[in-house]
Structure formats: C-alpha cells, structure tokens
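**Q** Sequence plus predicted model, see below.
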Amino acid sequence: MTDATSQIKETISASDVVLFMKGTKEMPQCGFSSRVAGVLNYMGVPYSDVNVLADETIRQGIKDFSDWPTIPQLYVKGEFVGGCDIITEMTLSGELDTLFEENGVTFDKDAADKIREANG
Amino acid sequence: MPMQAQEIEDLLRQTFPDAEIRVEGDDGVHMSALVVDESFRGKNRVQQQRAVYAALKGKMDGAQGELHALALTTRAPE
C-alpha cells in the first residue's frame, strides 16, 4: 500500500463526510468543487475538506483509489458517492438526503428543500 | 490540445455503438455529454460514469488531461 493510499484510507475513516476538492470549503478554486462544497455548506453538513491542490500525491492518489478521473469526489462513511454531476443530481432528486439520513449524517432538511425549490 | 465534440462522440461510439449520445459545448475543454445505453441498466451512476470515463481512454487524466471537465449524464433507455 502506498503512502497516498494509507493516508486516504485514514482520512475517509476519520470523518463521516469527506470532500476531496480543489481549494478549500472556504475558498474553492474550481467551479465544480465550489458547487459541491456550496451544497454541503448550505445544507449545514459537517464535513472534512481535503485540498488536492496542496498535495500532488493525494491529487493523483485519490483518482487511483476511487477509479475516478476528476475532482471533486465525495465520500460518505468511507464509501465513494460520486463527483459533481452525481452529487448535483442526487441533491435535486432527494437521494442525497436519504443517503445522509441512512448514515446518520446531520443536515438541514429545509435548506435541502430550498435548493430543490430554487432549481425545480 | 482540446477535444472537439465529434472526437469525443467517436470515442464513446466505439464502446457504446448503439447508445444515444449527445455531446455539447464548443470550447473543447468544458464539455457535456449525455449517454443513454442499455448496458447501464441495473448499474448505479458511479458504475455508469466509470464506464464512460474508461471509454475516453485517459483523456481526462492528470493535470495535462485534454478534457478538464466533462459534465456527464448517463442512464439506461426508458
């Protein structure tokens, strides 16, 4: 197991929700990372952010680990959920709410409904 | 070297010969693709989109990937 792999495993087991992104949740540096972080922030989800721009081995390592070529990548309870398009679809369909509920992740249901109202 | 919509469609067509494929966008960097294929039935979105990325044969890989962003929509036919 490479250092990147063990570091990634440690990170995704240390928090229920982890977002690998370009930039930070306070200052995203890519529109796609910004969109997913924005959804999580707005829904009040507690999550850890990992800035892949700060570490080239993690940037490539997470792509290999997930078998997924793009950033952002969302993990819930150690499981890869998807990238920007999938998270957007799941937010609008309500599947993301269900996923969080099933995994005991707290979030603001009213805020999630507002996102759907605004994009319905 | 950015990729043209036709080039993306041709690559996808090799893997998904019978799919409904629509590639949109014109800057060659930020593109979107819709792929509707029978092979997606019973697969979740991650599995479907992994298959699409595999069909693009590494074009998305690395900092020097030709495609920076491909907005994907995948599903099985209705």
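**A** Yep, that arrived.

**Q** Skip the chain neighbours and tell me the closest residue to A:Asn51.
**A** Residue nearest to A:Asn51 in three dimensions, not counting chain neighbours: A:Thr24, with 5.3 Å by CB to CB, 6 or more residues apart in numbering or on different chains. C-beta: built from backbone N, CA, C; applies to glycine.

**Q** and the gap between that neighbour and chain B?
**A** 19 Å (CB to the nearest CB, to the nearest Å).

**Q** And for that residue, the neighbour number?
**A** By the measure other CB atoms under 10 Å in any protein chain shown, the count of residues near A:Thr24 is 16.

**Q** and what of the one 10 residues further on?
**A** When neighbours are defined as other CB under 10 Å, A:Ser34 has 19 of them.

**Q** got it, and B:Leu34?
**A** Neighbours around B:Leu34, by other CB under 10 Å: 15.

**Q** which residues does it contact?
**A** For B:Leu34, the contacting residues are B:20-23, B:73-74, by CB atoms under 8 Å, 6 or more residues apart in numbering or on different chains.

**Q** hmm, which of these are the buried ones?
**A** B:21, B:23, B:73-74 (16 or more other CB atoms under 10 Å in any protein chain shown).

**Q** between the residues you listed, which is nearest A:Ala111?
**A** B:Thr73 (24.9 Å; CB to CB).

**Q** SS state for the closest one?
**A** strand (DSSP: H, G, I helix; E, B strand; the rest coil).

**Q** which phi and psi does the closest residue to A:Lys63 other than its chain neighbours have?
**A** Among residues not flanking A:Lys63 along the chain, A:Pro69 sits closest, at 5.7 Å (CB to CB, 6+ apart). For A:Pro69, the backbone dihedrals (degrees, to the nearest 10) come out as phi -80, psi -10.

**Q** now do B:Arg50
**A** Per degrees, to the nearest 10, the backbone of B:Arg50 is at phi -60, psi -40.

**Q** In space, what's closest to it - neighbours in sequence excluded?
**A** A:Asp67 (6.1 Å).

**Q** if I look at the one you found, how far off is B:Asp18?
**A** Separation of A:Asp67 from B:Asp18 (CB to CB, to the nearest Å) stands at 25 Å.

**Q** what bits of the chain have low per-residue confidence?
**A** Because you didn't say which chain, this covers chain A. Along chain A, segments meeting pLDDT under 70 span A:1.

**Q** hm, I was asking about chain B
**A** For chain B (pLDDT under 70), the answer is B:1-2, B:61-66, B:68.

**Q** What residue in it comes nearest to chain A?
**A** Closest contact between chain B and chain A, by CB to the nearest CB, is at B:Met60 (4.0 Å).

**Q** what helix or strand is that residue on?
**A** For B:Met60, there is no host helix or strand (DSSP states H and E).

**Q** Strands of chain A, residue ranges please.
**A** A:17-21, A:48-51, A:73-76, A:79-82 (DSSP state E).

**Q** Switch those over to CSV; also include mean neighbour count.
**A** Below are these laid out as CSV (neighbours: other CB atoms under 10 Å in any protein chain shown):
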stretch, mean neighbour count
strand A:17-21, 25
strand A:48-51, 20
strand A:73-76, 24
strand A:79-82, 18
